[in-house]
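Visitor: Make a model of this:
(chains A and B)
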Amino acid sequence: MDGRKESQMRGKRRFVVVLMLAAATAIALVMAASGTAGGRHSATSGPSGVGTGGAMVGSGGGYGETYSAAKGTLTHALFQANLLPANKTATNISLAAYGRSAKTVNYALALKCWKSNGCSTGTGGKLTVAYVEGFGENTYRQMSKMEFILQALTYPQIGKIIYRSAHSDLNQAIADFKSMIAQKVSAIVTYPDFGDAMIPVFQQATKAGIPVSTYAWGYVSGPGTNYTTVVGEDTCKLGQAFANVMNTKVKSGNIAFMGGFPGNPLSAGWQTCEQKALNSSINVVANDPTNWDPSKVQGIVAGILAKTPDLAGLSYEDALFMSQGGYAAYKAANIPYQGVFTYRTDEAGMGCLADQLNDPKLQIYYYSAGNAQIRVALTADMMKLAGAKIPPTIVYPIQLQQQTKRDMCLKGYPATASGTSLIPLSLLHQMYP
Amino acid sequence: MVAASPSSPPPPGRFAGASGRRLIANAIIAARFLPVWLATGALVVFAAIAAPDALGSTSWSFVLPSATVLALAALGQMLVVMHGGIDLSTPGIISFGGNLIAGVGAGSDHKLPVAILAALGVGVLVGLVNGLLVGVLRLNPLIVTLAVGQIVLAWSSKYSRDVVTNQPNVPGGLASWARDRQLGVSNVFWTGLAITLVLALVIRYTVLGRRFQVVGANPRAAWMTGLHVRTHVVLAYTAAGTLYAVAAVLLAGVSISIDPAFGSAYLLAPIAAVVIAGASLAGGLASATSTWLAALALTLLTQMLVTMGLSAAMQYVVFGIAIIAGMVVSGDRVAAVLGRGLQLVTPPPQKAAGGG
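Guide: Numbers count the residues shown, from 1 in each chain, chains lettered A, B, ... in the order given. A predicted model of the protein is given here:
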């Protein structure tokens, strides 16, 4: 019996020693890894990379704004300085917003505000502005948040900036919105990830006199009545532009569509119009939702390639995901990453991959991710507070860019960042060192 | 009622003695793991008829590596389920492991070994914490592993934002290794298969594995025979964390680059694979090879639905029905029904004279 106890005690001691060794080894490995990773980057600072030079576009002003912006800024964000909304008031709002982006602000404060999800601007201004969204946990949204903060810092009358993400939780999104109304914020900019489910709180804010604007075609029904305005591109024309590329470059063959969450209005908008505008000799062999999840993209593309190994083209929103999961699927299937690809966004990673592959049979056409549109949404809100009449939609014309003529791979940009953002490059490096 | 004497012949039509009970036990064990093999066979036949492209080489080039990653995560989950536990920290460990491969690896093959060790270190550490919280402090595994997983996921998100966003690609050596093929099949598959076989052999034929099974099947009886139950529970969670980390390394190689949602698909799928493979969530026996096969079947089913070109809504409906059907005919239920049926026709074990 004593022998058995002794044996058990020895066993326990051995177990404790093994546990301690395992824990110590694991901690050491993690700490070593963190140390290695922490020291791998050398933050480089340099010119902003955002064009502020050249002639000014626009003139005049009102409601506390100047309706002009540097041609360089517009070219950087919109590809061409003349790609402005058809509506004159919408153009003036855009020029005022893009003009403000050239103003120098306190970048250290902006970074602090970005990291802290809000801040006091220190101006003593009486206004509080909020960026409230249903989901904010990717680079695109985080860059939009910084654009919002930078734009807000150009207004001395804004004394406080608030940011909220609902982490994909509808109830939380509604609660966040109601919280902003209860706090009597002055203006709200939002990306309505839950679509028309947000209408009641939009109406509540509007009734309380709080302007609400959305960006990147975050469309909710009733702009102009349920809320102030929606900023973005015409998604139907985006689909027609995609179809035009397919008709001229693919001419005949099999292509595929991919979209975001099933039934989301953005994907449905361009897909319906592209389908209608395609030549009859082009077959759309698949139309699959990806939930904008890169891991899912890999599986979807693999499925499409299994059925259609001679896929001639593909239309999708997210260029970055096609440079990650999409590219991985082609590599796994041992099929050359070739074809005509049309994308709605312009992340640097896709451009850099195209440059690396350097294959003339890989033809990429893209639009802008539109992070800077959030600036226009905030300026629209501010002009509304100043008494301006804001059009219900601020819509930008579409002009697709060709990768070989306008490289998405911008020097110094993180792979996941959009090159049409107006965040100064030095600040971007501090955000993502 | 008088028990039959040892010299009495067994009643006609009934099994008798130790050999009979062994036969019954073997039949029940076989019935537990047979359905997943039959279901996978049926799935392959159906795919050959309805979506032959899903069985083509292009499809397999995706299905086999993806199924391998899911299988490794499911094997980790299986070790925990065998002890009546559950582990919801899987996505957190896979996410952080993948981010470490990209972050520590920094696109350099020279740093790849350190990156792999870091990923494995996280798996061991988190698994150990889970094991201590569940096995020693006796906290509810459902809640505590979810909580630990959320903490790890938050840590992973921060690390991803601070380090990985700028350079999300995994070292080229890992990506090309994952792409390279032996006998026409990805290295990822062979690696996963080897790990599965080793695990199956250890569980089946070693003292450690046998004790592991005994503790899972009946912890009280195991304790009474002198086995360290808590030690085995801690060991199960630690081994599970390690397997998740291995899955993270392989998935990083397959994915080529790391994204913020990396690993998010591995919360429920591994549990589904374990249950469909015949394990009981109450603990007890499980089969590594059947779990591997269930992971393959789930991945093949997903790929088949995409290849068939079903609408998104229909894909969800069919996948959901398939999971429910898998649960209905899961080996655990079949074994229970068979066990009850055989008990009706089998005499109870005879008591030794004098009792005791």
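
Visitor: what does stretch A:391-403 contact?
Guide: Contacts to stretch A:391-403, defined as C-beta atoms under 8 Å, 6 or more residues apart in numbering or on different chains, come from residues A:78-80, A:83-87, A:89-90, A:93-94, A:223-225, A:229-234, A:237-238, A:240-242, A:245, A:342, A:346, A:350-351, A:354, A:363-367, A:373, A:376, A:380. C-beta here means a position set from N, CA and C on the backbone, and glycine is covered the same way.

Visitor: element containing residue A:238, please.
Guide: Per DSSP states H and E: residue A:238 is located in helix A:235-245.

Visitor: Past that helix, which element shows up next along the chain?
Guide: Next along the chain after helix A:235-245, taking DSSP H and E as the criterion, comes strand A:253-259.

Visitor: Which other helices and strands does the next helix or strand after that next one contact?
Guide: Later in the chain than strand A:253-259, the nearest helix or strand by DSSP H and E is helix A:265-277. Counting contacts by 3 or more C-beta pairs under 8 Å, 6 or more residues apart in numbering or on different chains; DSSP states H and E, helix A:265-277 is packed against helix A:235-245, strand A:253-259, strand A:282-289, strand A:313-316.

Visitor: Pick the most deeply packed of those.
Guide: With neighbours defined by mean count of other C-beta atoms under 10 Å in any protein chain shown, none of the helices and strands packed on helix A:265-277 is more surrounded on average than strand A:313-316, at a mean of 26.

Visitor: counting contacts, what elements does that strand pack onto?
Guide: By 3+ C-beta pairs under 8 Å, 6+ apart, strand A:313-316 packs against strand A:253-259, helix A:265-277, strand A:339-343.

Visitor: Out of the ones you listed, which is the most enclosed?
Guide: Most buried among the helices and strands packed on strand A:313-316, counting by mean count of other C-beta under 10 Å: strand A:339-343, with a mean of 25.

Visitor: re earlier: lowest mean pLDDT across the helices and strands packed on strand A:313-316, which one is that?
Guide: Lowest mean pLDDT within the helices and strands packed on strand A:313-316: helix A:265-277, a mean of 90.

Visitor: and the angle for that helix with helix A:235-245?
Guide: 40 degrees (axes from the mean of the first three to the mean of the last three C-alpha atoms, to 10 degrees).

Visitor: Just the CA atoms of helix A:265-277, as PDB, please.
Guide: Provided in PDB are the C-alpha atoms of helix A:265-277 (Å, rounded to 0.1, in the frame of the first residue of the first chain):
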ATOM      1  CA  PRO A 265     -27.600  44.800 -52.300                       C
ATOM      2  CA  LEU A 266     -24.100  45.700 -53.400                       C
ATOM      3  CA  SER A 267     -23.400  42.300 -55.100                       C
ATOM      4  CA  ALA A 268     -26.900  42.000 -56.400                       C
ATOM      5  CA  GLY A 269     -26.700  45.500 -57.900                       C
ATOM      6  CA  TRP A 270     -23.700  45.000 -60.100                       C
ATOM      7  CA  GLN A 271     -24.300  41.300 -60.800                       C
ATOM      8  CA  THR A 272     -27.800  41.900 -62.200                       C
ATOM      9  CA  CYS A 273     -26.600  44.700 -64.500                       C
ATOM     10  CA  GLU A 274     -23.500  42.800 -65.600                       C
ATOM     11  CA  GLN A 275     -25.500  39.800 -66.500                       C
ATOM     12  CA  LYS A 276     -27.900  41.800 -68.600                       C
ATOM     13  CA  ALA A 277     -25.100  43.600 -70.400                       C
END
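
Visitor: tilt between it and strand A:282-289?
Guide: Calculated by the same axes, to 10 degrees, helix A:265-277 forms an angle of 170 degrees with strand A:282-289.

Visitor: contacting residues around helix A:265-277?
Guide: A:195, A:217, A:219, A:235-240, A:242-244, A:246-247, A:257, A:259-261, A:284, A:287, A:289, A:315, A:317, A:344.

Visitor: Stretch A:300-308 now?
Guide: Defining contact as C-beta under 8 Å, 6+ apart, one finds that stretch A:300-308 is touched by A:254, A:256, A:258, A:285-286, A:288, A:290, A:311, A:314, A:322, A:325-326, A:329-330, A:332-333, A:335, B:53-54, B:56, B:58-59, B:61-63, B:303, B:306-307, B:309.

Visitor: Great, nothing more from me.
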